[in-house]
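> when you get a sec, could you give me coordinates for this:
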Amino acid sequence: MKIFYLTIALFFAGYSAIHACTGISLFAKDGGYVQARTIEWGESFLASEYVIIPRNLNQTSYTPTGINGLKFKAKYGVVGLAVVQKEFIAEGLNEAGLSAGLFYFPHYGKYPEYDPKQNDKTLSDLQFVAWILSNFSTIDEVKEATKKIRIVSLEKSNPSSTVHWRIGEPSGRQVVLEFENGEPRFYENEVGVLTNSPDFEWQVTNLNNYVNLFPGNAPTQKIGNATLFPFGAGSGFLGIPGDVTPPSRFVRIAFYKATAPQQNTSTETVLQCFHILNNFDIPIGVEFEPGKAPNIPSAAQWTSAIDLTQKKVYYKTMYNNAIRCIDLNSINFGTISYQSHPLDQTLAQPIENLRIQ
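Next up is the predicted model:
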């Protein structure tokens, strides 16, 4: 346990400065619905695994005092992408088609105060995604059940290290969950994107500052006798923020989503999401003073795209840009064992199904 909590402390110590996530969602013409995201961690290589949770698996949450929190049994089979260790699923999908993921949310969220007397309903924020996907098939079920549990952080020395969550259904309904003064607040996500702090309502309101942006080219105009013309294509987006802060990424991904041509199929939409999110890979050098950047290819540790309609999880990593696919339809969640494997365990061809045993 001491080693575990040291790992968590080191993880959160670097989290506030160099963790970022960017999420997008898109519909296909055939009705397919895809939610995709990056996960950024610029400090070092972030150990990440894909996890298979079978039906009926008994799980227990960590708390700040041990593995003595909420106990729950998996009703649904789950495929998740986990960070630090297999229990901490950052993004995933269950066999009912419900998807959930966590996004870092420093300084704005506040969980209930940890009370060891209520360990039987206490759930680690890093295990909330696993709990959602193991137990529920709809957003409304999640909303009702969340009233009955207590979310806490495992990082006792840094209470501002909180997360918020994106939860989606195959219908395309998507909500954002944030904790404010210990209380859960669900927001219908009509723009279909998410990054980090500030809070979701502020991020949506901030889009009004960019009402002048439009797809295509700005028209030629005259100032006195001088003719002004665009230097190149896409000048309608002149002024869109290009830095890597969460508000700027929120604006950029919102406009990229809004102007993305709709694809015919969900598979084509998955590829489109990866192409769009390539713009949100963070070069490692921009986050550190000269000479202090770690020796990793990118701050974007991995990128995922989840096809909620076809029930497939796709991902690529900073070390391997080949897109790999885990097809939930090919897994017997009634007989498969609980397991986890490094994301880069095998080299694969693009869109190759991983063989799950």
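
> and the helix or strand hosting His164, how far out from the chain middle?
Using DSSP states H and E, the element containing His164 is strand 163-168. In terms of C-alpha atoms, centre = their mean, to the nearest Å, the centre of strand 163-168 is found 7 Å from the chain centre.

> give me the nearest residue to Glu113, chain neighbours excluded.
Nearest non-adjacent residue to Glu113, counting by C-beta to C-beta, 6 or more residues apart in numbering: Gly182, 7.0 Å away. C-beta coordinates here come from the backbone N, C-alpha and C atoms, glycine included.

> could you list the buried residues of the helix or strand that the strand holding His164 is followed by?
Scanning forward in sequence from strand 163-168 by DSSP H and E, the next helix or strand is strand 174-180. Residues Gln174, Val175, Val176, Leu177, Glu178, Phe179 are the ones in strand 174-180 that count as buried (16 or more other C-beta atoms under 10 Å).

> please, where are all the helices along the stretch 201-350 of the chain?
Applying DSSP state H, counting those that start in this stretch to the stretch 201-350 of the chain gives helices spanning 246-258, 266-277.

> now the shortest one and helix 246-258, what's the angle there?
This means helix 266-277. Angle, helix 266-277 to helix 246-258, by axes from the mean of the first three to the mean of the last three C-alpha atoms, to 10 degrees: 140 degrees.

> any regions of the chain where pLDDT drops low?
Within the chain, the stretches with pLDDT under 70 are 1-18, 157-160, 346-357.

> what's opposite Gln174 in the beta bridge?
On the basis of DSSP bridges, Gln174 is bridged to Gly168.

> residues contacting it?
By C-beta atoms under 8 Å, 6 or more residues apart in numbering, Gln174 lies in contact with Ser25, Gln35, Arg166, Ile167, Gly168, Glu188, Asn189, Gly192.

> who's in contact with the last one?
Contacts for Gly192 (C-beta under 8 Å, 6+ apart) come out as Ile24, Ser25, Leu26, Gln174, Lys257.

> switch to 10 Å and redo it
23-27, 33, 35, 166, 168, 172, 174, 253-254, 257-258 (C-beta atoms under 10 Å, 6 or more residues apart in numbering).

> and the gap between it and Gly172?
Gly192 is 8 Å from Gly172, where distance means C-beta to C-beta, to the nearest Å.

> overlap in contacts of the two?
Common neighbours of Gly192 and Gly172, using C-beta under 10 Å, 6+ apart, are Ser25, Leu26, Phe27, Tyr33, Gln35.

> state the distance from the fourth one to Pro230.
If I follow you right, that is Tyr33. Here the criterion is C-beta to C-beta. By it, Tyr33 lies 35 Å from Pro230.

> which one in this protein is furthest away from the centre?
Going by C-alpha atoms, centre = their mean, the residue of the chain most distant from its centre is Asn225, 51.0 Å out.

> still on that earlier bit, can you redo the helices of the stretch 201-350 of the chain as CSV with distance to Gly97 and mean neighbour count?
CSV is the format used below for these (distance: least, C-beta to C-beta, whole Å; neighbours: other C-beta atoms under 10 Å):
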stretch, distance to Gly97, mean neighbour count
helix 246-258, 21, 20
helix 266-277, 12, 20
